[in-house]
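K.L.:
Sequence first, then the predicted structure, then my questions.
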Amino acid sequence: MKATERPEAAAGDKRPSFPVRLPANAGVPSASKRSANAVNGFKPLPLKHSVVGLQKPMPAGVGLDSQTVRSRMVEKLAKQGVQDTAVLAAMGQVERHRFVDTALANQAYEDTSLPIGLGQTISKPNVVARMLELLREGKGMGERLGRVLEIGTGCGYQAAVLSHLASEVYSIERLRGLHEKARDNLRHVRLANVHLLFGDGMQGFAKGAPYAAIIAAAGGEAIPPAWIEQLAVGGRLVAPMQTATGQQALVVIDKTVEGIRQAVLEAVHFVPLKSGTN
Ligand code: SAH
């Protein structure tokens, strides 16, 4: 299973704005301006949960001060076009190298996807930031998302980033091995607002619904109806999905009082969304 995002998904491309009305099968993004979140007067939020104090030893290659390496990653993300300062701050907080194998830790802050075991991958930072930015679009710096559902916990990295941006994070994984790995990775971080669930995310997680936002890290041929049902009115869903051309693209769905609005954005390449558990 090839599991990297394609280079064309990288930032720096002209990105289409949202909302735009497109037919459900549209595959070609339209280019226009993105809405920027307030940048002026930004002060980093006092984050509720600290990610310092992890007990795993610092792997060789990351350097003594991983904060410096992370700051460089964040600077690069900003240069690539990520504008949401809350997303940048959250990505600057989470120690990505703690979520990958020690042997890969020295690549943790490069703009690359990395294997996390069982044929799955952690998305490259740029794609994580892009999706979180879309999820938060229109929100101010100090504004948190409400309850968020993440489909595909993987190693738990994105859930950790989300924990700084949302009041509650429900993250579901269908592979027991990865669910347990994420549990291990997050144990020492003690993110009290992250709830790891083992199950088939195609069914969503009805007990936590309605969600202010839903984000998927695996792509199927269609958006499962349960996700739309469990999305709050006024909520947004960001997910990879196969389009009419057979290519995978990022899809943004807004649930409004008038109904569902869907936009198909840039091409991506995520691991497949699968049903059942393993
Ligand atoms: N966000 C993750 C990326 C994980 S890769 C991280 O930061 O590490 C995508 C994950 O989606 C894989 O672990 C895969 O097992 C999982 N997945 C695929 N289909 C799923 C489903 N129906 N329910 C839950 N998880 C699923």
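P.N.:
Great, that's in hand.
K.L.:
rest of the way, CA atoms for contacts and neighbours
P.N.:
OK.
K.L.:
Val233 in helix, strand or coil?
P.N.:
The three-state assignment at Val233 reads strand, by DSSP: H, G, I helix; E, B strand; the rest coil.
K.L.:
how close does Ile122 sit to the ligand?
P.N.:
Distance of Ile122 to the ligand, given as CA to the nearest ligand atom, to the nearest Å: 4 Å.
K.L.:
Oh, that last question was meant for Ala160, not what I typed.
P.N.:
For Ala160, the distance to the ligand (CA to the nearest ligand atom) stands at 8 Å.
K.L.:
and if you look at Lys207?
P.N.:
Noted for Lys207: a distance of 16 Å to the ligand, by CA to the nearest ligand atom.
K.L.:
Repeat that for Glu180.
P.N.:
Distance, Glu180 to the ligand, by CA to the nearest ligand atom: 11 Å.
K.L.:
count of residues packed around that residue?
P.N.:
18 (other CA atoms under 10 Å).
K.L.:
did I read that right, it in a helix?
P.N.:
Yes - under three-state DSSP, Glu180 sits within a helix.
K.L.:
just the strands in the stretch 1-150 of the chain please.
P.N.:
Applying DSSP state E, counting those that start in this stretch to the stretch 1-150 of the chain gives strands spanning 114-117, 120-122, 145-151.
K.L.:
can you put these in TSV and add mean pLDDT and mean neighbour count?
P.N.:
TSV is the format used below for those (pLDDT from 0 to 100; neighbours: other CA atoms under 10 Å):
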stretch	mean pLDDT	mean neighbour count
strand 114-117	96	18
strand 120-122	96	25
strand 145-151	98	25
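K.L.:
Tell me which of those strands lies nearest to Ala103.
P.N.:
Set against Ala103 and scored by CA to CA, the strands of the stretch 1-150 of the chain come closest in strand 114-117, at 11.0 Å.
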